[in-house]
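Chemist: starting from these lines, generate the structure:
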Amino acid sequence: LDEYGYPIEVTSSTPSSLISNLTLNSHGNYPTGEYTLVFNGTGRMQVSGDAARQEFTNGGIYRFNVSYSTRAGVSTAILESNENDPIRDIQLFMPGYQTVGSVFNPTFIDGLRDFSVFRFMDMQNTNAQNIIHWGVGATPDIASQGWYIVITGNVSNVTVVPGGTTFHGANVARVTTSQDHGLETGQLASIGAGGSGALVLTYSENGQTLTRDFSNWPLMIYKIDNQTFDFAIPMWDPQTFVSLAWKPSTWNSSIRPGVSFEYMVDLSNEANVDPWFNIPHLADDDYIRKMARLILGRPLDPNDPNSKVHSGLDPDRKVYLEYSNEVWNIYFAQTGYASAMDRLDPATSSMNEWYTKRSLQIFKIFEEEFGTQKDRLVKVIASQAANSILYGTAPSRLAALSNPAINPFGINVDALAIAPYFAAG
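Modeler: Prediction:
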């Protein structure tokens, strides 16, 4: 693949996953009529599915008809690609929207005009997001906004850590890999990719001895060194650990960064809405700073004359900022991460306090970058009003604002999100 995810050369041995794409599959909910396919490069492309199967040779603008909509979808595939001039920059336009260079369907934009704020939580793949560093995410030039990275390797040993660790607590397994794993603390990884029996827990519960196969479960890791990481063995009260069996297998981890920030900023501008961004829970400070600069339309690296500059968010638009999403929901990795980081941080005494501390650090970076425009920022602390179990979440998070060890710069918060959700169906 090239740097944008397009195959450099297509041969008979090229995996179909690299050359074929089910472009439309909305249960038949797409229009019939004349579609437009645009691409650059030397080679052959094919459309099929609800479009009659046909081929197009070399880059250009091509039109084809979809006469009916079923669940077959509309597929595109690269059949041949010249490695010296590979097929790239593929675009498919629905009927009536053949303007080359446009990104968003006007009907989609019209549907947003009744809203004043757009929360990009799902477009960012916020929940269980594995991204840490800027430059790993999608860009407007990438072959697909659904692009993702998978890293994998071999497991050479698994042992149980007696007494557990501070980061994970009790019942911790330590994994040794055959090669450098490239993972960082907080990321999710699974053992036994594509199979079962790689990790089998034996535990007792209410006098019974039971087993649990958690091969392929995504588990949060703590990095020990380049070839060793820990993860918590999944157990719940009143379960008691007995033993852990493993067999040689592989491990893997994936990063699914979501839609590029450039497109989210462009969408906000075009629909005249204020963006609400959910900062990935593992994002480092450099990621956050560059995100702020992109929104402002400034060079991501002011010391690099070739640094890319996006047009930025319209200056009359506000920017809502929230650290991750539902960092109280025990089913989300971000909650487990915040709890673990609290155990490592002597300045905090609860997950809620650590959540507030990290939120304030993020807000401080944005205030530094926005400077005299910092009034555009809407800094959000989140809780859940409807859950009585979590009733204390908001008070403890807000109370932490007055703790100088947590808020040394006296950052003010602008909004409390209480997690109401509206559904159309």
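
Chemist: give me the next element, helix or strand, following the helix or strand containing G111.
Modeler: Assigned by DSSP states H and E, G111 falls within helix 106-112. Downstream of helix 106-112, the first helix or strand assigned by DSSP H and E is strand 117-119.

Chemist: flag the shaky bits of this protein, pLDDT-wise.
Modeler: Within the chain, the stretches with pLDDT under 70 are 11-28, 98-102, 193-194, 387-392, 423-425.

Chemist: and the helices in it?
Modeler: Ranges of helices in the chain, per DSSP state H, are 16-19, 106-112, 261-271, 285-296, 333-344, 351-370, 393-399.

Chemist: by contact count, what packs against the fourth one?
Modeler: Using 3 or more Cβ pairs under 8 Å, 6 or more residues apart in numbering; DSSP states H and E as the contact criterion, the neighbours of helix 285-296 among helices and strands are helix 261-271, strand 274-279, helix 351-370. From N, CA and C alone the C-beta is placed, and that goes for glycine too.

Chemist: redo these as a markdown table? Include mean neighbour count and distance to P395.
Modeler: Compiled in a markdown table, the helices and strands packed on helix 285-296 are given as follows (neighbours: other Cβ atoms under 10 Å; distance: least, Cβ to Cβ, whole Å):
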| stretch | mean neighbour count | distance to P395 |
| --- | --- | --- |
| helix 261-271 | 20 | 32 |
| strand 274-279 | 22 | 23 |
| helix 351-370 | 22 | 9 |
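
Chemist: what's the closest of those to L244?
Modeler: The stretch from the helices and strands packed on helix 285-296 with the least distance to L244 (Cβ to Cβ) is helix 351-370; that distance is 26.7 Å.

Chemist: for the closest one, packing partners?
Modeler: helix 285-296, strand 319-323, helix 333-344, strand 377-382, helix 393-399.

Chemist: right, so of those, which gets closest to N157?
Modeler: helix 333-344 (23.2 Å).

Chemist: flag every buried residue along that closest one.
Modeler: Neighbour-count burial for helix 333-344 flags A333, Q334, T335, G336, Y337, A338, S339, A340, M341, D342 (criterion: 16 or more other Cβ atoms under 10 Å).

Chemist: return the member of those nearest to G111.
Modeler: Checking those against G111 by Cβ to Cβ gives Q334 as the nearest, at 29.3 Å.

Chemist: list the contacts of that closest one.
Modeler: Contact partners of Q334, counting by Cβ atoms under 8 Å, 6 or more residues apart in numbering, are N127, A128, Q129, H281, S324, N325, E326, V327.

Chemist: in PyMOL, select just the buried ones from those.
Modeler: Buried subset of these, written as a PyMOL selection, criterion 16+ other Cβ under 10 Å:
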select buried, resi 127+129+281+324+325+326+327
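
Chemist: pipe the contacts of Q334 into JSON lines and attach distance to D237 per row.
Modeler: Converted to JSON lines, the contacts of Q334 look like this (distance: Cβ to Cβ, whole Å):
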{"residue": "N127", "distance to D237": "25"}
{"residue": "A128", "distance to D237": "24"}
{"residue": "Q129", "distance to D237": "29"}
{"residue": "H281", "distance to D237": "26"}
{"residue": "S324", "distance to D237": "26"}
{"residue": "N325", "distance to D237": "27"}
{"residue": "E326", "distance to D237": "23"}
{"residue": "V327", "distance to D237": "22"}
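
Chemist: and the closest residue to R212 other than its chain neighbours, how many neighbours?
Modeler: Of all residues beyond its chain neighbours, the one nearest R212 is L201 (4.6 Å), with distances taken as Cβ to Cβ, 6 or more residues apart in numbering. Number of residues near L201 (other Cβ atoms under 10 Å) recorded here: 21.

Chemist: gap between L201 and Y331?
Modeler: 19 Å (Cβ to Cβ, to the nearest Å).

Chemist: if we can go back for a sec, and S116, which of the helices and strands packed on helix 285-296 is closest to it?
Modeler: Proximity to S116 (Cβ to Cβ) singles out strand 274-279 among these, at 6.3 Å.

Chemist: which elements pack onto the closest one?
Modeler: strand 117-119, helix 261-271, helix 285-296, strand 319-323.

Chemist: out of the ones you listed, flag the one nearest G49.
Modeler: Taking Cβ to Cβ, helix 261-271 is the member of the helices and strands packed on strand 274-279 nearest to G49, at 25.3 Å.

Chemist: touching the closest one from outside, list them.
Modeler: 103-104, 109, 112-113, 115, 118, 120, 123-124, 137, 139-140, 145, 273-275, 277, 291, 294-295, 310-314, 317.

Chemist: the buried residues of helix 333-344 into JSON lines, with extra columns for distance to E55?
Modeler: Converted to JSON lines, these look like this (distance: Cβ to Cβ, whole Å):
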{"residue": "A333", "distance to E55": "44"}
{"residue": "Q334", "distance to E55": "46"}
{"residue": "T335", "distance to E55": "50"}
{"residue": "G336", "distance to E55": "50"}
{"residue": "Y337", "distance to E55": "48"}
{"residue": "A338", "distance to E55": "52"}
{"residue": "S339", "distance to E55": "55"}
{"residue": "A340", "distance to E55": "53"}
{"residue": "M341", "distance to E55": "54"}
{"residue": "D342", "distance to E55": "58"}
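
Chemist: appreciated, that's everything.
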